[in-house]
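Undergrad: requesting a structural model of the entry that follows:
(chains A, B and C)
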Amino acid sequence: MASIKTSLAAIALAATCATAMASEGTKVVYHVNEGVQQASRAIGNIRNHLNADPKAKIVVVTHGPGIDFLLEGAENMAGAKFTGAIAELAGRGVEFRVCNNTLVSRKINKDQVIQEAKVVPSGVAEVANLQAKDKFVYLRP
Amino acid sequence: MASIKTSLAAIALAATCATAMASEGTKVVYHVNEGVQQASRAIGNIRNHLNADPKAKIVVVTHGPGIDFLLEGAENMAGAKFTGAIAELAGRGVEFRVCNNTLVSRKINKDQVIQEAKVVPSGVAEVANLQAKDKFVYLRP
Amino acid sequence: MASIKTSLAAIALAATCATAMASEGTKVVYHVNEGVQQASRAIGNIRNHLNADPKAKIVVVTHGPGIDFLLEGAENMAGAKFTGAIAELAGRGVEFRVCNNTLVSRKINKDQVIQEAKVVPSGVAEVANLQAKDKFVYLRP
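TA: Below is the predicted model:
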């Protein structure tokens, strides 16, 4: 009886482990900390990524100049608004996160962040924690 | 009997897990998406990497301007051909992959890609999947 | 008896696996291989990171021009010494590592490396091994 119980305990532990190893859909954090040029590149990359792997879960974490394309009225190098591309990607499940430390140090009000993006306390801690705690892999576009 | 069977099942699961944790040789994806300058840097980095850890398995995934050094006749900033260095690294087990999305969008024929490199559907999906599915770690040179 | 032994073996393996999955404090390698500008950015990022997650274990691995801020007398773009910021971060548990291959190729004597930093054989192998063997996650500032 004791043997069955210990076996079951072992199975439970092993199964937890096996589950953690099983793939759901690849989870990827895109790390964006440069300006709108990197952001434009990231948008093209993410489109291609989702076309190749529609089940991929992509979270874009921004800080420093990387947040610029997620501010109201932001434009790319060619003078076109980012709004359409962001809405399109958000519709495909992509999440956008903006670093609050950057907002504070650059004196940018939270109201200026577009509604598709979520403000997080620290961009770098977010990039690390998504990997360490939520099994995301890293990609810097 | 049932107890032995469940024990064996538990061992099998646990062993799978232990195997996944065991180290073979470190597997590293080098992510190259800038131009020939980053590629030159990557080549030097990979040489040093293999000298320090000869069992490392290195895959170079390229997209955007990052593919340039893997096209026929490509030259570095000093006007020297990349061919020799690539053949040398390929001989040490390094693999080179080129993004097909980049070839299509830049209207480059597959024939122009050197034979040491393999074309993959999407560079970014490749970078993510090597990490998520094949236990590669990431390095952006 | 055999059954109990195999159960225990399975539990031991499963427990090892469960332990490997448990989180201690997030371990993060900051990969620095550009010049003092990236280094300044990294310092600000790490401060914010530790404020958001004081238990994070951060190791900064440098090679190429990335080592410059860890040399005696190094100054940032504004002409201020890096010494104070490095001592502050070291006091918060941050470790700094310098690539010996870079020292050799740039003919820089080890004596020029500040005492807070440790010289490692290869910066890139260090970045990969921290991830592959010691469960660090990656961040390129």
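Undergrad: name the element residue A:132 belongs to?
TA: Assignment of secondary structure by DSSP states H and E places residue A:132 within helix A:123-134.
Undergrad: CA atoms only for that helix, dumped as PDB, please.
TA: Once side chains and other backbone atoms are set aside, the C-alpha atoms of helix A:123-134 remain, and they are given as PDB (Å, rounded to 0.1, in the frame of the first residue of the first chain):
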ATOM      1  CA  GLY A 123      10.400  46.400 -18.800                       C
ATOM      2  CA  VAL A 124      13.600  44.600 -18.100                       C
ATOM      3  CA  ALA A 125      12.200  42.700 -15.200                       C
ATOM      4  CA  GLU A 126       9.200  41.800 -17.400                       C
ATOM      5  CA  VAL A 127      11.500  40.400 -20.100                       C
ATOM      6  CA  ALA A 128      13.400  38.300 -17.500                       C
ATOM      7  CA  ASN A 129      10.300  37.100 -15.700                       C
ATOM      8  CA  LEU A 130       8.500  36.000 -18.800                       C
ATOM      9  CA  GLN A 131      11.400  33.800 -19.600                       C
ATOM     10  CA  ALA A 132      12.100  32.500 -16.000                       C
ATOM     11  CA  LYS A 133       8.600  32.100 -14.800                       C
ATOM     12  CA  ASP A 134       6.400  31.600 -17.900                       C
END
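Undergrad: for it, list every residue counted as buried.
TA: By neighbour count, with 16 or more other Cβ atoms under 10 Å in any protein chain shown as the criterion, the buried positions of helix A:123-134 are A:123, A:124, A:125, A:126, A:127, A:128, A:129, A:130, A:131, A:132. C-beta: built from backbone N, CA, C; applies to glycine.
Undergrad: same question for stretch A:68-80.
TA: When neighbours are counted by 16+ other Cβ under 10 Å, the buried residues of stretch A:68-80 are found to be A:68, A:69, A:70, A:71, A:74.
Undergrad: how about stretch A:32-42?
TA: Result for stretch A:32-42 [16+ other Cβ under 10 Å]: buried residues A:32, A:33, A:34, A:36, A:38, A:39, A:40, A:41, A:42.
Undergrad: so which of the residues you listed belong to strands?
TA: Taking DSSP state E as the definition of strands, the buried residues of stretch A:32-42 contribute residue A:32.
Undergrad: ok, which of the buried residues of stretch A:32-42 also contact chain C?
TA: The overlap between the buried residues of stretch A:32-42 and the neighbourhood of chain C (criterion: Cβ under 8 Å from any Cβ of the partner chain) consists of residue A:33.
Undergrad: between all of the buried residues of stretch A:32-42, which two are at the greatest distance?
TA: Spatial extent of the buried residues of stretch A:32-42 (Cβ to Cβ) is set by the pair A:33 and A:40 at 14.5 Å.
Undergrad: is it possible to export the buried residues of helix A:123-134 to TSV including pLDDT and distance to residue B:112?
TA: Output for the buried residues of helix A:123-134, formatted as TSV (pLDDT from 0 to 100; distance: Cβ to Cβ, whole Å):
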residue	pLDDT	distance to residue B:112
A:123	98	39
A:124	98	39
A:125	98	43
A:126	98	40
A:127	98	36
A:128	98	39
A:129	98	42
A:130	98	37
A:131	98	36
A:132	98	41
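Undergrad: and those residues near chain C, which?
TA: Restricting these to those near chain C by Cβ under 8 Å from any Cβ leaves A:123, A:124, A:125, A:127, A:128, A:129, A:131, A:132.
Undergrad: helix, strand or coil for the residue nearest the centre of chain A?
TA: Central residue of chain A (Cα atoms, centre = their mean): residue A:59, 1.6 Å from the mean position. In three-state terms, and counting by DSSP: H, G, I helix; E, B strand; the rest coil, residue A:59 is strand.
Undergrad: list the contacts of it.
TA: Remark: with contacts taken as Cβ atoms under 8 Å, 6 or more residues apart in numbering or on different chains, residue A:59 is in contact with A:27, A:28, A:29, A:30, A:94, A:95, A:96, A:97, A:130, A:136.
Undergrad: quick one: which of the residues you listed is nearest residue B:118?
TA: Proximity of the contacts of residue A:59 to residue B:118 was ranked by Cβ to Cβ; the top entry is residue A:28 with 21.6 Å.
Undergrad: residue B:50: which of the buried residues of helix A:123-134 is nearest?
TA: Closest approach between the buried residues of helix A:123-134 and residue B:50, by Cβ to Cβ: residue A:131, at 25.7 Å.
Undergrad: so residue A:87 makes contact with residue A:116?
TA: Yes: taking contact to mean Cβ atoms under 8 Å, the distance of 6.7 Å between residue A:87 and residue A:116 places them in contact.
Undergrad: these two: which has the busier surroundings?
TA: Between residue A:87 and residue A:116, counting by other Cβ atoms under 10 Å in any protein chain shown, residue A:116 is the more crowded of the two (15 against 11).
Undergrad: leaving out chain neighbours, which residue sits closest to the more buried one?
TA: Leaving aside its chain neighbours, residue A:116 sits nearest to residue A:90 (4.6 Å; criterion: Cβ to Cβ, 6 or more residues apart in numbering or on different chains).
Undergrad: neighbours of the one you found, how many?
TA: When neighbours are defined as other Cβ under 10 Å, residue A:90 has 15 of them.
Undergrad: where does it land in three-state SS?
TA: Here residue A:90 takes the helix state, with states given by three-state DSSP.
Undergrad: how close does it sit to chain B?
TA: Counting by Cβ to the nearest Cβ, to the nearest Å, the gap between residue A:90 and chain B amounts to 18 Å.
Undergrad: rewinding a little: what's the closest of the buried residues of helix A:123-134 to chain B?
TA: Using Cβ to the nearest Cβ, the shortest approach to chain B within those belongs to residue A:131, at 9.5 Å.
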